[in-house]
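>>> sequence plus the predicted model coming up.
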Amino acid sequence: MKYLCLICRAESRRILATLIRLLGDFDLAEEAMQDACAAAVERWPTEGVPGSPRSWLISAGRIRAIDHLRRATRFDATLDRLTREHEPEYAADLAADHDTIAADRLRLVFTCCHPALSPDAQIALTLREVCGLTTEAIAQAFLTSPSTIAQRAGHARVALGRGDPAGARTHDVARRARMARVGGADATA
């Protein structure tokens, strides 16, 4: 095991370079090298260290990467087949749920923009929860630190999670009126 650590430390960049050349993909080559080292940890103590450890690791990594690609190809083919088989069911369910999903997204926008929240918290929460932006991206747009944005969004979520942030019930009528003006949304929800 100690010998493997020495080999990996001394040869890892050469092994990685060769695997990148053979596989044509940095991430796949790194994963293959790690898999090869794991295989060496399992096999070398019982089978002994091969005559050319670097070649063995390159070969093992290449074989593991090919196996990984084959599994991924089979998975993709199976996924395509299952998608084709179940697409009509899914399309029907999606069509039925389309109105519900649209209303849910609209409710989420109104929740994130609740009048009890500060404008900065409303914007940060909306960008994060509705638009899916990362805290870092929002912070960059606001020209502030990610921790500040995380605090704003976190405080807003806590306030909304309490169920009655700063008299939210009194604003329920206003929310329903806003939803009714948008149209197509369930104004009674």
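Received the coordinates, thanks. Numbering: from 1, shown residues only.
>>> export stretch 148-156 as PDB, just CAs?
What follows is stretch 148-156, C-alpha atoms only, in PDB (Å, rounded to 0.1, in the frame of the first residue of the first chain):
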ATOM      1  CA  THR A 148     -25.300  39.200   2.700                       C
ATOM      2  CA  ILE A 149     -27.600  37.700   0.000                       C
ATOM      3  CA  ALA A 150     -27.800  34.400   1.800                       C
ATOM      4  CA  GLN A 151     -28.800  36.200   5.000                       C
ATOM      5  CA  ARG A 152     -31.500  38.200   3.200                       C
ATOM      6  CA  ALA A 153     -33.000  35.200   1.500                       C
ATOM      7  CA  GLY A 154     -32.600  33.100   4.700                       C
ATOM      8  CA  HIS A 155     -34.300  35.700   6.900                       C
ATOM      9  CA  ALA A 156     -37.100  36.100   4.300                       C
END
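>>> return the set of buried residues in it.
Buried positions in stretch 148-156, judged by neighbour count with 16 or more other C-beta atoms under 10 Å: 149-150, 152-156. In this view, the C-beta of every residue, glycine as well, is placed from N, C-alpha and C.
>>> in helices, which of these appear?
149-150, 152-156 (DSSP state H).
>>> quick one: distance of stretch 142-156 to the chain centre.
20 Å (C-alpha atoms, centre = their mean, to the nearest Å).
>>> go on, stretch 135-152?
For stretch 135-152, the distance to the chain centre is 19 Å (C-alpha atoms, centre = their mean).
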